[in-house]
Structures are given as structure tokens and as C-alpha cells.
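*Asks:* Mind folding the following:
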Amino acid sequence: MTGLPTLKVACQQIAPRVGELDYNRELGQRAIRQAAAQGAQVVVLPELVQSGYVFTDRQEALTLSEALDGPTLTLWKALAAELQVVIVGGFCERLNAGQVANSAALVEPEGRVTVYRKAHLWDREKRVFTVGEQPPPVVETRFGAIAMLICYDLEFPEWVRLPALAGAALLCAPVNWPDGPRPAGERPAEMVRVQANAAVNRMFIAACDRCGDERGVAWVGGSLIVDADGYPLAGSARHPQQQLLLAELPLADAQHKHISAHNHVHLDRRPALY
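*Replies:* This next block holds a predicted model:
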């Protein structure tokens, strides 16, 4: 941890357009600058914000993909250095042999870029992307230990537990949550799961969703920033339009894993029984 008493985190819920790479880069740049102007030190963007999400097939995704030295990550590196912020955002990554990955990058002001490839692919993603094989990275940034994963990864408690056990204070999750039916009056289950994941690990989570109809798909618009007790600091209800969420995180809270005088959320685990 650093000596900072709090960390100001932003989720920028925006509406990229599938296939419109120049538009998406400019949209992302404006979102990052707006958040930094509001004092954000970490800015989280949605899943696949560079390319859009609803691809017709792998070939379209390949056409829209970028390598790590492509224009989007190059722009994010320049913005991180200029604004002195950490940027976490999703992009369609071009791999070898005509393959693509649903990836996220964590870009630090010092120029270091850490990339994570989504390990749990949702629905038709399995027909497009090569699955990731590495656990969520935990990056020791100037602002503290920050981890990242992507969307459907959040539905696997074992996967979220890994960065928590590795010391992450904040988990950043670019997401694209397709909206679906639910009982009247109920909040989206995706948002509830984020709160549960934060509480059972005593770890802050910033999940950044998107908005805007894309090829007939509507989105939850459920971006939220959750504290180490599992309660929303920003984004307690879905908001299916563009929004900027900001929250001050007392990162030291994530170091304290006790939930009573005799209970510790990590030390009480009994993996030999599971």
C-alpha cells in the first residue's frame, strides 16, 4: 500500500459502437479526461470498449482487433502519463495465427502495461475468442495493489478469490452485461454478485458496464463501485444511460480481513474440505 489515505476511482459507463474504432478511441479519451478532471486516480472503462462487443463472427473481430502496440493502447499510455492516472479498459486483442482474445489492459503512468485475457467466455464469445489461461494479475501500482478480470469471470468465486488471496485491494472489472428478464422489483443479479464477491473477500471492486443498444442487444447499465463490506459507494441502482461514477476508497480497509473478533474471511477457509 501507499501512504494515500484514500484512492479516487472512476467508472465511465459509455456506449462504444461496434466497428467504429476511431469513434471509440475518441469516446474513451474524452471519458478518461473527464474522470481525471474530477480527480480520479484510477479510471475503469467497459469491456471491449475499443471495438464494440456484438461481432458477427471471428473474422469481424479479427478485422477490428489490435496488437499491444496498436493505436488504442498507445493512446492510453500517453493519457496515463499525461494525466498521471491508471487506466483499465477492455480491447479486442490480436494474437498469432488469426486468433483474438477478449482482453483488458491496466496502463500505469510510468508506461507499464499489464494485459489479462478473459478466462471464462460467455455464450457466443466461445465462437470468437481464444480463451485466456492465466489468472487475474495483481499489479503493484503507485496507488496500491490493483487486480483485473472481465465480466463473466466475476461469476466464478474461485477466480475472484485468487487476486484477493494475492493481496489485491481493488479489483477492476470491465464488463458488458446484456440485460435480461428478472422478477419485478429485483436488482440485476450481476450487480448483486459484485457486492457478494467484495464482501466475502473484503476487497473493493469497481465494475464498469456499458450502455447503448448494439445490434439489438441492450445492456444492464449496472456499473458500480463497492466497498470492502460489499456495499455500493456509487451505482447502487442500474442506470441504462451514460454515467460517470466516482468513489473515494480507503484502501487500508481491504487489509483488514476480520469480520468479528474470531473470524477472518481468508484464514477461516478450509480448502482441504472443498
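*Asks:* The residue nearest the centre of the chain: what's it in contact with?
*Replies:* To find the centre residue of the chain, average its C-alpha atoms and take the closest one (Cα atoms, centre = their mean): that gives Ala173, at 1.9 Å. Counting by Cβ atoms under 8 Å, 6 or more residues apart in numbering, Ala173 touches 44, 148-151, 153-154, 194, 205-208. To be clear about C-beta, it is placed using only N, CA and C from the backbone, and glycine gets the same treatment.
*Asks:* Would you reformat those residues as JSON lines and include secondary structure, neighbour count and distance to Gln12?
*Replies:* Converted to JSON lines, the contacts of Ala173 look like this (DSSP: H, G, I helix; E, B strand; the rest coil; neighbours: other Cβ atoms under 10 Å; distance: Cβ to Cβ, whole Å):
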{"residue": "Val44", "secondary structure": "strand", "neighbour count": "33", "distance to Gln12": "7"}
{"residue": "Met148", "secondary structure": "strand", "neighbour count": "27", "distance to Gln12": "15"}
{"residue": "Leu149", "secondary structure": "coil", "neighbour count": "28", "distance to Gln12": "18"}
{"residue": "Ile150", "secondary structure": "coil", "neighbour count": "27", "distance to Gln12": "16"}
{"residue": "Cys151", "secondary structure": "helix", "neighbour count": "27", "distance to Gln12": "16"}
{"residue": "Asp153", "secondary structure": "helix", "neighbour count": "22", "distance to Gln12": "20"}
{"residue": "Leu154", "secondary structure": "helix", "neighbour count": "22", "distance to Gln12": "19"}
{"residue": "Val194", "secondary structure": "helix", "neighbour count": "27", "distance to Gln12": "17"}
{"residue": "Ile205", "secondary structure": "strand", "neighbour count": "29", "distance to Gln12": "16"}
{"residue": "Ala206", "secondary structure": "strand", "neighbour count": "30", "distance to Gln12": "11"}
{"residue": "Ala207", "secondary structure": "strand", "neighbour count": "31", "distance to Gln12": "12"}
{"residue": "Cys208", "secondary structure": "strand", "neighbour count": "31", "distance to Gln12": "7"}
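*Asks:* circling back to that earlier point, find the nearest non-adjacent residue to the residue nearest to the centre of the chain, please.
*Replies:* By the measure of Cβ to Cβ, 6 or more residues apart in numbering, the closest residue to Ala173 outside its immediate chain neighbours is Ala207, 4.3 Å from it.
*Asks:* so that neighbour makes contact with Ser223?
*Replies:* Yes. In this structure Ala207 lies within contact range of Ser223 using Cβ atoms under 8 Å: 6.3 Å.
*Asks:* can you list residues touching both of those two?
*Replies:* Residues touching both Ala207 and Ser223 comprise Cys11, with contact defined as Cβ under 8 Å, 6+ apart.
*Asks:* Check the spacing between the residue nearest to Ala173 and Trp177 real quick.
*Replies:* Plainly put, Ala207 is 9 Å away from Trp177 if you go by Cβ to Cβ, to the nearest Å.
*Asks:* overlap in contacts of those two?
*Replies:* Shared contacts of Ala207 and Trp177 (Cβ under 8 Å, 6+ apart): 190, 222.
*Asks:* what about Trp159, how many neighbours?
*Replies:* The tally of other residues near Trp159 (other Cβ atoms under 10 Å) stands at 17.
*Asks:* Let's verify the residue nearest to the centre of the chain: helix, strand, or coil?
*Replies:* Assigned by DSSP: H, G, I helix; E, B strand; the rest coil, the conformation of Ala173 is strand.
*Asks:* Now do it against Asp153, distance only.
*Replies:* Shown here: Ala173 relative to Asp153, a distance of 7 Å by Cβ to Cβ.
*Asks:* Also Ile146?
*Replies:* As judged by Cβ to Cβ, Ile146 and Asp153 stand 15 Å apart.
*Asks:* Pull out the buried residues from stretch 218-227.
*Replies:* Judged by neighbour count (16 or more other Cβ atoms under 10 Å), stretch 218-227 contains these buried residues: 219-227.
*Asks:* Sorry, slip of the keys, the one I care about is stretch 53-72.
*Replies:* 53-55, 58, 60-62, 64-66, 70, 72.
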